[in-house]
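>>> Sequence and predicted model, in that order:
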Amino acid sequence: MNKRILLIAIVLLMVAAITATSVLFIFPYQPNKPPRADDSGSSRNGIMQVVNANNEFAFDLYSQLGESEQGNLFFSPYSISAALAMTYEGAEGQTADEMRSVFHFPQDNILRPNFAAIYNDINKGNGAYELRTGNALWVQQDYPFLEDYTSRVEKYYGGKVANLDFKAETEKSRQAINSFIEEQTNDKIKELIPQGVLSPITRLVLTNAIYFKGTWEWEFKKSDTHQQNFKITQDKIVKAEMMYMKPDKARFNYADLEKLQILELPYKGDKISMLILLPKQGEAYDYETDQMITFDYTLEDIELSAEKLNEYKSQMKETKLSSIFIPKFEFDTKYFMKDALSAMGMPTAFSGSADFSGMTTAEQLFISEVIHQAFVKVDEKGTEAAAATAVVMKASSDMPSNIFRADHPFVFIIQEKGTGNILFLGRVTDPTK
């Protein structure tokens, strides 16, 4: 009996090994070891042009999603820009013009090497935190994509090609892409592409994934975390797990502005940080007028744009804060972005008039869907965040001074400190959801 069980176990292990090998065989590269891109020709000025383009798109999309989405928001503007930049490389005419306008892409000779430089910098590694990103092109096997297009995407974006058979094995193709994304994001982004999105007329799926896990430079003590009120609105209050810190020696980059407080929380390694933009609420004492001032600003009162963010950041300076309160939160989001991106100014790419002749001349392709999924977890130790984007292409046929208490809705940004490149952007309206 025991021999029979052992034999069955061996057979099952062999089947599992063969299945795993077959999945890995079609992967374009090892998921946690993305290839390097060619950043020769990049420059500090060029990098900043691409960073500014990404950040402008970040706030444009935040505004667009804010009109249609209720509650918490979270996405990676970098991930979406990366996936659509690879798509843009194959666009022509009006399709390209609209995509360039929505994503604020600079000229190709600036975009390509400097996008590569940003990609390589994300992937260069740091022992203090985990941060990586990777791109891939999942193409219909034997489909005649232009070699100039696929080699350009691989050269500047690290987007290696993997051949699938969407026509005959649509579901297996979907599972392969999702499996790759799941490994790239440390199991945080699962089922990026739902059933029914791919079909036998799918010709290309472009994907980007980004993963970050960092520890606070100054961690919060778990013993200091307690349930406290979080004011979603003046009339709606929930109990949230509020982290607390009374900094002894630490000084934080901080500014107390007219309508908001802005605080930078660094992660170990001194390369990545979180910015929190908190509308001012509550009372504060004005020593000049010898009076108490009442603040009642909300997110709607805060102007958000790449330019305004730079203005806010320019006023920050190292400050000794008496205490910091931030809620723990964890949530994931998923957006089907066809309507949002169309409304932002690139409808042609999603229509029968799309021109992606820079990819192939075999038949007319259009973008059938852009799917973005993201995950974030913030606790006493640090932050874990992941996001992935898939572009599916088918053939046409109470706050005293110097206390930072994030006990009401706020915006948070995970950025590269050196360039200010926004990797993730979110809004917390209810940390308990």
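Thanks, I have it.
>>> For Gly134, give me its contacts.
Taking CB atoms under 8 Å, 6 or more residues apart in numbering as the criterion, Gly134 is in contact with 29, 31, 34, 123, 158, 184, 208-209. For every residue, glycine as well, the C-beta is placed using N, CA and C.
>>> give me that answer again for 10 Å
Under the criterion of CB atoms under 10 Å, 6 or more residues apart in numbering, the neighbours of Gly134 are 28-35, 82, 119, 122-123, 157-160, 180-181, 183-185, 207-211, 388.
>>> which non-adjacent residue is nearest it?
Among residues not flanking Gly134 along the chain, Pro34 sits closest, at 3.6 Å (CB to CB, 6 or more residues apart in numbering).
>>> how's this structure carved up into domains?
If you go by automatic domain parsing, the domain ranges for the chain are 28-215+332-395, 222-329+400-428.
>>> Quick check: which of those domains is buried the most?
Of all the domains of the chain, domain 28-215+332-395 has the most neighbours on average by mean count of other CB atoms under 10 Å, namely a mean of 20.
>>> could you give the mean pLDDT of that one?
Taken as a whole, domain 28-215+332-395 carries a mean pLDDT of 96.
>>> Could you shift the numbering so residue one becomes 317, and keep it that way?
In the new count, where the first residue is 317, that last one comes out as domain 344-531+648-711.
>>> picking that back up, so the residue nearest to Gly450, which state does it fall into?
Classification of Pro350 by DSSP: H, G, I helix; E, B strand; the rest coil places it in coil.
>>> Surely it is in contact with Ala432?
No - the pair Pro350 / Ala432 is not scored as a contact, 11.9 Å apart, by CB atoms under 10 Å.
>>> who touches both of the two?
Both Pro350 and Ala432 are contacted by Gly474, under the criterion CB under 10 Å, 6+ apart.
>>> Could you check how far the residue nearest the centre of the chain is from Phe496?
Nearest to the geometric centre of the chain sits Ser392, at 1.6 Å (CA atoms, centre = their mean). Using CB to CB, to the nearest Å, Ser392 is found at 17 Å from Phe496.
>>> now do Ser673
Distance of Ser673 to Phe496, computed by CB to CB: 28 Å.
>>> what does Lys596 give?
Remark: distance between Lys596 and Phe496 (CB to CB) = 44 Å.
>>> again, but for Lys733
Separation of Lys733 from Phe496 (CB to CB): 30 Å.
>>> For the helix or strand containing Phe691, which strands pair with it and how are they oriented?
Using DSSP states H and E, the secondary-structure element containing Phe691 is strand 681-694. Sheet pairing of strand 681-694 (DSSP bridges) gives strand 645-652 (antiparallel), strand 698-711 (antiparallel).
>>> In three-state terms, how would Ile526 be classified?
Ile526 ends up strand, using three-state DSSP.
>>> show me what contacts it?
Going by CB under 10 Å, 6+ apart, Ile526 touches 392, 394-395, 398, 438, 447-450, 500-501, 505, 690, 701-705, 739-740.
>>> Likewise for Glu634?
By CB under 10 Å, 6+ apart, the contact list for Glu634 reads 566-570, 580.
>>> Format the residues you listed as TSV; extra columns: distance to Ile719, secondary structure and pLDDT.
Supplementary listing: the contacts of Glu634 in TSV, determined by distance: CB to CB, whole Å; DSSP: H, G, I helix; E, B strand; the rest coil; pLDDT from 0 to 100:
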residue	distance to Ile719	secondary structure	pLDDT
Ala566	15	coil	88
Arg567	15	coil	93
Phe568	12	strand	94
Asn569	16	strand	96
Tyr570	11	strand	96
Glu580	16	strand	97
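>>> re earlier: just so I know, which of the strands paired with strand 681-694 lies nearest Lys575?
Of all the strands paired with strand 681-694, the one in closest proximity to Lys575, counting by CB to CB, is strand 645-652 (23.1 Å).
>>> what about the strands in the stretch 417-566 of the chain?
In the stretch 417-566 of the chain, the segments counted as strands under DSSP state E, counting those that start in this stretch are 445-456, 476-480, 518-531, 542-547, 553-561.
>>> quick one on the thing from earlier: so which of the strands paired with strand 681-694 is nearest Gln511?
Gln511 sits nearest to strand 698-711 of all those, at 12.9 Å, using CB to CB.
>>> Tell me the helices and strands packed up against the helix or strand just after the closest one.
For strand 698-711, the succeeding helix or strand toward the C-terminus, using DSSP H and E, is strand 719-721. Contacts defined by 3 or more CB pairs under 10 Å, 6 or more residues apart in numbering; DSSP states H and E place strand 719-721 against strand 553-561, strand 568-572, strand 576-582, strand 588-595, strand 597-602, strand 639-643.
>>> name the helices or strands packed onto the longest one?
Contacts of strand 553-561 with other secondary structure elements, assessed using 3+ CB pairs under 10 Å, 6+ apart, are made with strand 542-547, strand 639-643, strand 719-721.
>>> can we see that at 8 Å?
If you count contacts as 3 or more CB pairs under 8 Å, 6 or more residues apart in numbering; DSSP states H and E, strand 553-561 packs onto strand 542-547, strand 639-643.
>>> This completes my enquiry, with thanks.
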